[in-house]
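Undergrad: fold the stuff below for me.
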Amino acid sequence: MKLFTEHTQQQGVTYMEHLVFAVGIAIRLLGSAVVFLLHGIFPFVDIRKELDLEATRDYLDEQNDWIEGMKENKTSVISI
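TA: Sure, this is the predicted structure:
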């Protein structure tokens, strides 16, 4: 069981929070990767603005801020 809880405890999130966070990022990156792969093979396939590099970077920044906020909220609740 320690395999499933050690990392999440170090990060200050529950297993489910970690799972939702990681799967959400994986799905988003997979979508972007597929679009870029198709664009590489077929240059006429447009990359939608929501999946371009800038939007993907912004998404990752937002997700990082969210998970950091989760950790900070739990730390402040614990320290009270």
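
Undergrad: every contact and neighbour count from this point should use C-alpha atoms.
TA: Will do.

Undergrad: where does the residue sitting nearest the centre point of the chain fall, secondary structure wise?
TA: The residue lying closest to the centre of the chain (C-alpha atoms, centre = their mean) is residue 25, at 3.2 Å. Assigned by DSSP states H and E, residue 25 belongs to helix 15-41.

Undergrad: then residue 68?
TA: Per DSSP H and E: helix 53-79 holds residue 68.

Undergrad: in that helix, what's buried?
TA: Residues 56, 59, 63, 67, 70, 71 are the ones in helix 53-79 that count as buried (16 or more other C-alpha atoms under 10 Å).

Undergrad: local confidence estimate at the last one?
TA: The one in question is residue 71. With respect to pLDDT, residue 71 has a value of 71.

Undergrad: how about the residue nearest to the centre of the chain: what's its closest non-neighbour residue?
TA: Spatial nearest neighbour of residue 25, excluding adjacent residues (C-alpha to C-alpha, 6 or more residues apart in numbering): residue 60 at 7.5 Å.

Undergrad: got the angle for the helix holding residue 68 vs helix 15-41?
TA: Angle between the axes of helix 53-79 and helix 15-41 is 170 degrees (criterion: axes from the mean of the first three to the mean of the last three C-alpha atoms, to 10 degrees).

Undergrad: elements contacting helix 53-79?
TA: helix 15-41 (3 or more C-alpha pairs under 8 Å, 6 or more residues apart in numbering; DSSP states H and E).
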